Each structure stands twice: as structure tokens, then as C-alpha cells.
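Participant: Here is the input, now give the coordinates:
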Amino acid sequence: MTSTAQAPQPGAGTAHPEHLGHVIFIAAAAAMGGFLFGYDSSVINGAVEAIRDRYDVGSAGLAQVIAIALIGCAIGAATAGRIADRIGRIRCMQIAAVLFTVSAVGSALPFALWDLAFWRIIGGFAIGMASVIGPAYIAEVAPPAYRGRLGSFQQAAIVIGIAISQLVNWGLLNAAGGDQRGKLMGLEVWQVMLGVMVVPAVLYGLLSFAIPESPRFLLSVGKRERAREILAEVEGKDIDLDARVNEIEHAMKSEHKSSFKDLLGGSFFFKPIVWVGIGLSVFQQFVGINVAFYYSSTLWQSVGVDPSDSFLYSFTTSIINIVGTVIAMIFVDRIGRKPLALIGSVGMAAGLALEAWAFSYHLVDGKLPATQGWIALIAAHLFVLFFALSWGVVVWVFLGEMFPNKIRAAALGVAASAQWIANWAITASFPSLADWNLSGTYVIYAIFATLSIPFVLKFVKETKGKTLEEMG
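Facilitator: As a prediction, this is how the structure comes out:
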């Protein structure tokens, strides 16, 4: 290995591509997987009550159909990396696009409840793949000078996907006269809601044919010349391409492949830093954020809001989610990850407590009293805003930065798995908990938001301004 392979080429980190618009297009195309991630995660919100009615299923059974997609997510996320290393990032995206399309068609045309659950698992597997491949591909293709901003496309695409799915659901419901089981194009409207995902799924597949393979993967399979061409395309022709190729090859050869065994140690099975990562993941989900995206229409209808308005409120919540995410992107590098997390925890705890108070009132003629209804609505939006501007983004930033290099990949995998499991637990339990006591359910979420404050203060270290090498 030559000396140029031992150190980064001067200027490589600040190289500017000659065609920045093309690089943005590449990142945006890859981030379409994030859009589908958000869309698929949220689209079921519009179908929950119709599925309950059509199949005459109780809360526990309904929850399993809604949450079962997360089992597919966990499997897809766990296997995507190995698949991508074998057949390439682009092929992996194309497989995910096909699975998204098949899932959308199957979900729109189910003949039984178990059949719908099966297609949701398939869609979940595609979500899991997209959640891993999109960020990895963007990081490998983006010029170093733009990596952070282009990397944020994935999170932005997720929250936009959530909002668009809620808007489409609202539009379809109104087209069907406000009846979730009303007819539209020969199908019940909830079936059309699930089937519409065919459009972005096919677009994702088509876009995957318009973007180049990752130079890192091409080098791993010996396609050096093609890797040079793509590096010139995305980083500019002024850099020393031979040096960049040597640099990437050297980094790949010197990488430590972290394993599960590297995480073991300490008095509680895992090393302390791994438990902190697991704690961040669990707290992020146990505040009940996914209730706002999976069940918000059902929630509002349960306290007397008519279906059309409940779908509109779900959409406005999604817009608030986008606004909060933009705020987080602006401030995460300015005020730091830890202060942002603490601000979010306080705001979430207050919003959830207000919701719990509002839902504690008895319904009058099937509706919350006017004052409590408005407070519940405002508090729900405040909760989502504070989550989005803090834990929604900050946890992923922490997980990408907090672990020592030697264990980063394996530790991130364990923390992400804990997040999917916690997500499943909240999603599967909400309908039964709401039947038991809706106010009490929000008290539980508020307690977890409150407990996250001492957790962050005591166990979480600030990573702002530190290099990854400083983590150990």
C-alpha cells in the first residue's frame, strides 16, 4: 500500500462536486426509501377502524395486525447490511421497491385478516431494508463536504412520507363521503389508502435505475475503474482519484468488524455504554410517539371527533412533525444533543400530562367537553413538536456518535433492535390499554418522558464537537 493510502488526500474532505444538482438528485432518490418508510408506517392510521369493523376483531387482535409489520422491520434491518454487501446497494433498493409494491397490492386486496397481516410483514421487511440501506448509501456516495446535509435527507423524507400519507388518507376519506368503508374505485376506501403506496414504491424502483452504485461496494468486488468514474462524478474531477481509491481501500481493509462478543462486559451483561444506547432507544419509543402516527385517527374518534376531522388532525400533527424535525436539524450542532434532549423531555412530559388530564373527563354525548377537547388537541400537537425537535433526531445522532469505533456497528445494531422491540411493545399494547383507561395510558407515557430527564442528565454524555475517534 502506498503512502497516499495511509492518509486522506488533502482537500478530499472539502472537495466540491462539479454537478451538485446531480449529487442532490442521487441522495434524494436514495432517500425515497425513507419516504416509503414514513408513508407505510403511517398509512395504516387511516384503516384501523375500518379493519376493526370489517373483520369484527377485538382490540388485542387488531393491535397485532397493526404491530406485526414491526417484526418484518426488525428482520429486514438485521439482514439488509449483509444482503447489500453481497449484491450491492442498488440491487438491495430494487428488492425493497418490489417488496413495497407487492405489499401495497396485497394489503389493498386481502381476503382475510391473517392475509392482511402477512402482507404487512412483507412491507415491514422492506421498511427495515430501506431504513438501513438509504443512510448507508448516501454516506458512501455523498462528497465529504456535503455528507451531513445530504444525510439529513433520509429523516426529512421519513417525516414528509408520514405527512403525505395522512393528507392522502384525508383526501380519499372525503372523496368517499367520510365513510371509512365507503366505496371508491370498486374497493372500500381503506383498501385504496393501502393500495396507493404502489405509486411511490414504483417510483422508488425506477429511480434506483437512475443512480450509480456505491464506489465502496464497487471496490469491494474489484470494479476499480467504475468506482473511479463514480467518484469523479460525485466528488469532482479535480481531486486525486487514485489517492481517493487507495484511501477507501485502505479504510476498508483496516476496519474492525465488530461482533456481539465485543459488547459483553461489566456487571450487567453488556458494557455500560451499550446499555445507555439501549436506554435512549427504549425511552424514545416508550413516550408513545408511534401512537400519534398509528392510532391518532382512532384516538380522536374515540373521544367524539368525526372521521374527517380526525384525519385532518392526523395530517396537521404530521406537519408539526416536519417543523420540529427542521428545528432539530438547525439546532442539533449549535446547542448540542444533550440540551436538546432535555428540552424535548420537559416539553413531552408537559404535553402528555395535559393529554392525560383532558382524557380523564367523562364524555358528554360521546364527546369530550369543549375545553378538554381543545386542550387535548393542542397538547397532542405540542407533544409531537417537542419529540420531533429533540428525541426524534437526537437519538439517532447519539447512536451514530456515542460508541467507541471498535464496537460501533454491533452496538448500533443492538440499540436499533431494542428500538424496534420497544416500538412493537407500544404499538401492540395501545388499543388494549386505551380500552382499559385512556387517561391512565397517557399517564404512563408521561412518566417515561419524565424519567428520561434524570437518565439523560446522569448517563448520557454530550458528543457535540467530538470526533468519532474521541469516543474510544
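Participant: Any chance you could list what contacts the strand or helix carrying Leu399?
Facilitator: Using DSSP states H and E, Leu399 sits in helix 391-401. The contact list for helix 391-401, computed with Cβ atoms under 8 Å, 6 or more residues apart in numbering, reads 155, 277, 280-281, 283-284, 287, 289, 321, 324-325, 328-329, 332, 337, 340-341, 344-345, 348, 412, 415-416, 452, 460, 463, 466, 468, 471. (C-beta placed from N, C-alpha, C; glycine too.)
Participant: ok, the nearest residue to Leu377 once chain neighbours are set aside - how many residues close by?
Facilitator: Residue nearest to Leu377 in three dimensions, not counting chain neighbours: Tyr313, with 6.5 Å by Cβ to Cβ, 6 or more residues apart in numbering. Neighbour count for Tyr313, taken as other Cβ atoms under 10 Å: 20.
Participant: Same check on Asp179?
Facilitator: Asp179 has 15 neighbours, counted by other Cβ under 10 Å.
Participant: Next: Ile122.
Facilitator: 20.
Participant: Quick one, grab the pLDDT at it.
Facilitator: Note for Ile122: predicted pLDDT of 95.
Participant: So it sits against Val98, correct?
Facilitator: No: with contact defined as Cβ atoms under 8 Å, Ile122 does not count as touching Val98 (10.0 Å).
Participant: residue contacts, Glu140?
Facilitator: By Cβ under 8 Å, 6+ apart, the contact set of Glu140 is 89, 214-217.
Participant: and those residues, which of them are in strands?
Facilitator: Among the contacts of Glu140, no member falls in strands (DSSP state E).
Participant: out of these, which is most surrounded?
Facilitator: Arg89 (27 neighbours).
Participant: follow-up on the earlier one: among the contacts of Glu140, which one lies nearest to Thr317?
Facilitator: Distance to Thr317, by Cβ to Cβ, is smallest for Arg89 among the contacts of Glu140, at 33.0 Å.
Participant: quick one: low-confidence ranges for the stretch 101-250 of the chain?
Facilitator: Scanning the stretch 101-250 of the chain for pLDDT under 70 picks out 145, 147-148.
Participant: give me that answer again for 50
Facilitator: The stretch 101-250 of the chain contains no residues with pLDDT under 50.
Participant: what are the phi and psi values for Met185?
Facilitator: The phi and psi torsions at Met185 (degrees, to the nearest 10) take the values phi 60, psi 40.
Participant: Once you drop chain neighbours, what's closest to it?
Facilitator: That would be Val192: by Cβ to Cβ, 6+ apart, it lies 6.0 Å from Met185.
Participant: quick one: the one you found and Val105 touch, right?
Facilitator: No: between Val192 and Val105 there is no contact under Cβ under 8 Å: 12.0 Å.
Participant: More neighbours: those two, which one.
Facilitator: A count of neighbours by other Cβ under 10 Å puts Val192 above the other of Val192 and Val105, at 23 against 15.
Participant: residues touching the more buried one, list them.
Facilitator: 108, 172, 184-185.
Participant: which SSE is the residue nearest to Met185 in?
Facilitator: Under the criterion of DSSP H and E, Val192 resides in helix 189-195.
Participant: Could you name the helices and strands sitting against the helix or strand following that helix?
Facilitator: Counting by DSSP H and E, the element after helix 189-195 in chain order, helix or strand, is helix 198-208. Helices and strands touching helix 198-208, by 3 or more Cβ pairs under 8 Å, 6 or more residues apart in numbering; DSSP states H and E, are helix 20-43, helix 89-108.
Participant: list the buried ones in the shortest one?
Facilitator: Applying a neighbour-count criterion of 16 or more other Cβ atoms under 10 Å, one finds 89-104, 106-108 buried in helix 89-108.
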